[in-house]
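A.B. asks: Just to be clear, the model below is a prediction. Sequence and coordinates:
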Amino acid sequence: MSECKNKGYLYYYTINMLYKDQIDANKVPQHVAIIMDGNGRWAKQHGHHRSYGHQQGAETVRKIVETAASIGVKYLTLYTFSTENWNRPEEEVTALMSLLFHSIEEETFMKNNVSFRVIGDMQRLPQKVREKLSECMEHTSKNTRMCLVLALSYSSKWEITEAVKQIAQQVADKQINTNQINEELIAAHLTTQFMPDPDLLIRTGGEIRLSNYLLWQCAYSELYFCDTFWPDFQDEEFYKAICEFQKRERRFGKTSEQIVND
């Protein structure tokens with residue numbers, strides 16, 4: 001009888017554990033990429049202008065950066081502003097650029113030992129934004145706990161096109177020949193060449209697509225989609241995604257038996 005009670009208690013305890021407490025510290029993804037979707041819809045749902053949703057989304061970014069660093073994630077890449085976002089109403093784009101400028105808090109990065117990087121076409125950003133981003137990258141470059149990467153004015157098709165141009169120029173200049181073009185060479189010309197490919201990609205907001213984000217790099221990433229709008233995506237939601245990742249078997253084209261024997 002007591003054995004049954006113990007098993008029942010164990011089952012109840014397991015299913016009611018916080019996701020944070022279920023995480024295996026030895027299986028934390030090294031690189032997590034996030035598509036932060038739903039700011040505008042969240043604002044509309046709460047009777048506010050879209051810009052208010054972006055402001056609340058920035059607060060969520062601060063929390064998730066600290067949360068990711070606390071469990072041992074080494075790279076966190078956030079899809080902040082796509083090249084397609086330049087087509088949004090001018091008022092919204094201006095507000096987003098202003099929010100970006102005021103959200104970069106170098107002191108917070110230093111306090112948490114987090115380095116800062118940007119991927120994307122920075123030349124399209126306003127000059128004062130570019131200058132602030134560059135200063136923050138330089139001043140935090142020696143921090144080692146985690147690297148926060150913002151994808152700004154970024155699209156995967158733009159990135160791959162730029163890599164192709166660079167490689168084509170090397171061929172034209174006779175620095176390399178076409179037989180030397182391989183996956184490693186292409187990856188070395190991508191803006192993400194300084195970090196490993198994402199182990200896990202999370203998208204909030206209910207949409208189920210990659211939206212031109214890290215298409216090359218996510219070839220073998222685990223994908224996690226949830227309906228939660230980004231401003232409501234709190235610690236436990238992030239931990240839940242990590243737990244789901246840890247349940248999956250990553251085979252990279254091999255069989256389950258091969259994985260076990262490796």
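C.D. replies: Yep, it's here. Note that the coordinates shown come from a computational prediction; the quantities given were computed from them, not determined experimentally.
A.B. asks: Name the residues that touch the longest helix along the chain?
C.D. replies: The helix of greatest length in the chain, counted in residues with DSSP state H as the criterion, is given as helix 50-71. Taking contacts as Cβ atoms under 8 Å, 6 or more residues apart in numbering, the residues outside helix 50-71 that touch it are 20, 23, 25, 28, 32, 34, 36, 38-44, 46, 76, 78, 92, 95-96, 99, 103, 108, 112-114, 145-146, 148, 229-235, 238-239, 242. Using the backbone N, CA and C atoms, a C-beta is placed for each residue, glycine as well.
A.B. asks: Doesn't residue 77 belong to a strand?
C.D. replies: Yes. With the criterion set as DSSP: H, G, I helix; E, B strand; the rest coil, the secondary structure at residue 77 is a strand.
A.B. asks: From residue 180, how far off is it?
C.D. replies: According to Cβ to Cβ, to the nearest Å, residue 77 and residue 180 sit 28 Å apart.
A.B. asks: And those two? Which one has more around it.
C.D. replies: When residue 77 and residue 180 are compared on other Cβ atoms under 10 Å, the one with more neighbours turns out to be residue 77, at 25 against 12.
A.B. asks: how near is residue 105 to residue 121?
C.D. replies: Separation of residue 105 from residue 121 (Cβ to Cβ): 24 Å.
A.B. asks: who's more crowded, the two?
C.D. replies: Set side by side, residue 105 and residue 121 show more neighbours around residue 121, with 16 against 11, by other Cβ under 10 Å.
A.B. asks: That one touches residue 161, doesn't it?
C.D. replies: No. Look at residue 121 against residue 161 with Cβ atoms under 8 Å: they stay out of range, at 10.8 Å.
A.B. asks: how about the strands in the protein?
C.D. replies: Listed from the start of the chain, the chain has strands (DSSP state E) covering 31-35, 75-82, 114-119, 146-154, 200-203, 222-225.
A.B. asks: counting contacts, what elements does the first one pack onto?
C.D. replies: By that I understand strand 31-35. Using 3 or more Cβ pairs under 8 Å, 6 or more residues apart in numbering; DSSP states H and E, the elements in contact with strand 31-35 are strand 75-82, strand 200-203.
A.B. asks: Make TSV from these and add mean pLDDT to it.
C.D. replies: As requested, the helices and strands packed on strand 31-35 are arranged in TSV below (pLDDT from 0 to 100):
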stretch	mean pLDDT
strand 75-82	97
strand 200-203	98
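A.B. asks: just those strands: most buried one?
C.D. replies: Ranked by mean neighbour count, the helices and strands packed on strand 31-35 are led by strand 200-203 with a mean of 24 (mean count of other Cβ atoms under 10 Å).
A.B. asks: Can you tell me which helices and strands that strand packs against?
C.D. replies: So strand 200-203, by 3+ Cβ pairs under 8 Å, 6+ apart, packs with strand 31-35, strand 222-225, helix 235-247.
A.B. asks: that older thread, figure out which of the strands of the chain is closest to residue 185.
C.D. replies: The minimum distance between residue 185 and those falls on strand 114-119, with 18.5 Å, by Cβ to Cβ.
A.B. asks: Compile the helices and strands packed on strand 31-35 into TSV and extend it with columns for distance to residue 156.
C.D. replies: Shown next, in TSV, are the helices and strands packed on strand 31-35 (distance: least, Cβ to Cβ, whole Å):
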stretch	distance to residue 156
strand 75-82	9
strand 200-203	12
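A.B. asks: Residue 130: which of those is closest?
C.D. replies: Across the helices and strands packed on strand 31-35, residue 130 has its closest neighbour in strand 75-82 (13.0 Å, Cβ to Cβ).
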